[in-house]
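*Asks:* Everything below, folded, please.
(one chain, ligands or ions: 1)
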Amino acid sequence: MTCFEHLPTVRTDYDAMAQAYAAFIGDAFTGSPLNHVLVQAFADLVQQSGGGTVADVGCGPGHVTAYLRDRGVDAFGIDLSPQLIAAAREANPDLRFDVGDMGALDIATGSLAGVLANYSIIHTPPDVLPALLGELSRVLAPGGHLLVSFQALADTEGTAEAFDHKVSPAWRYSADHVLSLLRQTGVEEVARLTIAPREDPVRGFPQTHVLTRKAPA
Ligand SMILES: C[S@@+](CC[C@H](N)C(=O)[O-])C[C@H]1O[C@@H](n2cnc3c(N)ncnc32)[C@H](O)[C@@H]1O
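*Replies:* Just a heads-up that it's a prediction; the model follows:
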């Protein structure tokens, strides 16, 4: 069961930090226009493509799920950490939040209009990442959009590198690597945005947002 070995650590680490994490991350998200410019575009594209349900996977305390709701998207959240899910439910009683593993979704194949993973793939080890991205693609309907955001490597630096994330063991990935894995799952690049390292006030990493789409039926 190699695939699931990292999950108890991530769950315990985020449970322990849930209150502190929930207290600051919402403002960090809304306070930086670059951090949500593609989330806004994702919301608009889902609506323009006819709407439908969107999963915010690794949703944390649910601020991005709420951002999607505020833009008319039928969004719900999933996270590994019961404590973060409790915080998300408390802050957004009108929204659905489930405890679950985004690598093994209890969601029908081809059923979602969109999937958003905002900095939640970073705790997935490199050998598990292909299967996890495959799972996100599996649940997308034809024409559905997938937005994945993460601390990145410059594309010339390789594919993956561990970094000193404050909460739990984490990896930075290159955009080319993530997109290459995603292509193998049947989604195609629509856009990518890489935010310059100097805009990251904590570690000075580039941050990449990759927007992809499954081919329409
Ligand atoms: C850096 S936080 C990001 C949280 C939120 N998406 C945000 O934008 O602030 C990473 C989140 O991913 C969740 N996570 C990591 N691996 C997961 C998995 N396999 N399934 C579900 N959630 C996961 C963690 O519990 C944590 O809430």
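
*Asks:* who's in contact with Pro126?
*Replies:* Going by CB atoms under 8 Å, 6 or more residues apart in numbering, Pro126 touches 159-160, 171, 173. For the C-beta atoms, the positions are set from N, CA and C on the backbone; glycine is no exception.

*Asks:* quick one, what contacts Arg138?
*Replies:* Arg138 neighbours (CB under 8 Å, 6+ apart): 105, 109-110, 185.

*Asks:* One more: Asp155?
*Replies:* By CB under 8 Å, 6+ apart, the neighbours of Asp155 are 174-176.

*Asks:* do Gly103 as well
*Replies:* Neighbours of Gly103 in contact, by CB under 8 Å, 6+ apart: 3-4, 7, 124, 128, 131-132, 135.

*Asks:* my read is it is in a helix, agree?
*Replies:* No - Gly103 is assigned coil when assessed by DSSP: H, G, I helix; E, B strand; the rest coil, not a helix.

*Asks:* Ramachandran angles for Thr109?
*Replies:* phi -60, psi 130 (degrees, to the nearest 10).

*Asks:* contacting residues for it?
*Replies:* Thr109 touches 138-139, counting by CB under 8 Å, 6+ apart.

*Asks:* Read off the pLDDT value for it.
*Replies:* Note on Thr109: pLDDT of 98.

*Asks:* Give me the subset of the contacts of Asp155 lying in strands.
*Replies:* Ser174 (DSSP state E).

*Asks:* Just give the number of residues close to Ser49.
*Replies:* 16 (other CB atoms under 10 Å).

*Asks:* wait, Phe4
*Replies:* Per other CB under 10 Å, the neighbour tally for Phe4 reads 11.

*Asks:* For the contacts of Arg138, which ChimeraX command selects only the ones that are buried?
*Replies:* Buried members of the contacts of Arg138, defined by 16 or more other CB atoms under 10 Å, are picked up in ChimeraX with:
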select :105,185
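
*Asks:* hmm, stretch 78-86 in reach of the ligand?
*Replies:* Yes - Stretch 78-86 is in contact with the ligand by CB under 6 Å from any ligand atom, via 78-81, 84.

*Asks:* can you put these in TSV and add pLDDT?
*Replies:* Shown next, in TSV, are those (pLDDT from 0 to 100):
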residue	pLDDT
Ile78	98
Asp79	98
Leu80	97
Ser81	97
Leu84	97
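
*Asks:* From the contacts of Pro126, pick the one nearest the ligand.
*Replies:* Comparing the contacts of Pro126 against the ligand with CB to the nearest ligand atom places Trp171 closest, at 11.4 Å.

*Asks:* wait, is the closest one part of a strand?
*Replies:* Yes - with three-state DSSP as the criterion, Trp171 is part of a strand.
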